[in-house]
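Q: Sequence first, predicted model second:
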Amino acid sequence: MALHADQLDDYCTAHSHHTSAVLQELHEATHARTDMPIMLVGPLEASLLRMLVSLSGAQRILEIGTFTGYSALAMAEALPDNGELITLDVSAETTAIGQEYWKKSPHGHKIQLKLGSALESLAHIEETFDMIFIDADKENYPHYWEACVPRLNPGGLLVVDNVFLGGRVLNPEIDAAIAVDNMNKMAQADPRVECSMLTVRDGVLLARRV
């Protein structure tokens, strides 16, 4: 029996938590106003992120890679009213779209954007977090891993997107695939965490700080 991945992805999306009206507007704006809407996590993964925030009881979240702020808003919607999400990105242009829609949401006040190199921003962040989401430039994934694991609270959750890189990790040749594959191996061997890889969209790695 052949499995039709795109159809199954649509089926999963249809049978998961539906996004809020503002999040749906942001999804549509990203497709209309950017050249790379594929960079969105999409409704299915947004549902997963929202569920992980709720299940973990997270109150402080760090996100590396904002794009248009879709995933940030999805997670912020599940945070308590006094929760905080810090998101890091280099693009003032795409994050401006996110800020426009965060202002429309009753959860937007929970989000704080820091512009600049993520690794440089991380060097100035001393706080620890209940949950960290990595979805940025793939070549730096091993560096993000090493920077983020120490910033996780005990029991904290580290979530990494695109750990399949379109299947290229099976035979990594380009720099991005080599970096993602290296990070995947680092995660599996890291005694500071226990991890599990999910076949959601382009692969999602979950790691819990022990």
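A: Looks like it came in fine.
Q: Can you report how many residues neighbour the closest residue to residue 81 other than its chain neighbours?
A: Distances taken as CB to CB, 6 or more residues apart in numbering put residue 110 closest to residue 81, at 7.7 Å, once the chain neighbours are dropped. The C-beta positions use only the backbone N, C-alpha and C, and glycine is treated the same way. Residue 110 is flanked by 23 other residues according to other CB atoms under 10 Å.
Q: For residue 110, which residues are in contact?
A: By CB atoms under 8 Å, 6 or more residues apart in numbering, the residues touching residue 110 are 76, 79, 81, 83-85.
Q: For these, which ChimeraX command selects only the ones that are buried?
A: Listed next is the ChimeraX selection for buried residues among the contacts of residue 110, using 16 or more other CB atoms under 10 Å:
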select :76,79,83,84,85
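Q: Output the contacts of residue 110 as a markdown table; include the columns pLDDT, distance to residue 97 and secondary structure.
A: Formatted as a markdown table, the contacts of residue 110 follow (pLDDT from 0 to 100; distance: CB to CB, whole Å; DSSP: H, G, I helix; E, B strand; the rest coil):
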| residue | pLDDT | distance to residue 97 | secondary structure |
| --- | --- | --- | --- |
| 76 | 98 | 16 | helix |
| 79 | 98 | 21 | coil |
| 81 | 96 | 24 | coil |
| 83 | 98 | 22 | coil |
| 84 | 98 | 21 | strand |
| 85 | 98 | 17 | strand |
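Q: And the helices in the protein?
A: Using DSSP state H, the helices of the chain run over 5-14, 21-33, 42-56, 70-76, 92-102, 118-123, 141-148, 175-189.
Q: Buried deepest among the ones you listed, which one?
A: The highest average neighbour count among the helices of the chain, using mean count of other CB atoms under 10 Å, belongs to helix 70-76 at a mean of 27.
Q: I figured residue 182 hits residue 142, correct?
A: Yes: assessed by CB atoms under 8 Å, residue 182 is found in contact with residue 142 at 5.1 Å.
Q: Which pair of the contacts of residue 110 spans the longest distance?
A: Distances among the contacts of residue 110 were taken as CB to CB; the most separated pair is 81 and 85, at 12.6 Å.
Q: For residue 37, which non-adjacent residue is closest in space?
A: Using CB to CB, 6+ apart, the nearest residue to residue 37 is residue 31, at 4.3 Å.
Q: correction: residue 84
A: Nearest to residue 84 is residue 60, by CB to CB, 6+ apart, at 5.2 Å.
Q: burial count for that neighbour?
A: Using other CB under 10 Å, residue 60 has 17 other residues around it.
Q: list the contacts for the residue nearest the centre of the chain?
A: In the chain, the centroid-proximal residue (CA atoms, centre = their mean) is residue 133; its distance is 4.0 Å. Residues counted as contacts of residue 133 (CB under 8 Å, 6+ apart) are 49, 61-65, 71, 75, 159-161.
Q: Residue 23: which of those is nearest?
A: Distance to residue 23 across the contacts of residue 133 (CB to CB) is lowest for residue 71, with 9.8 Å.
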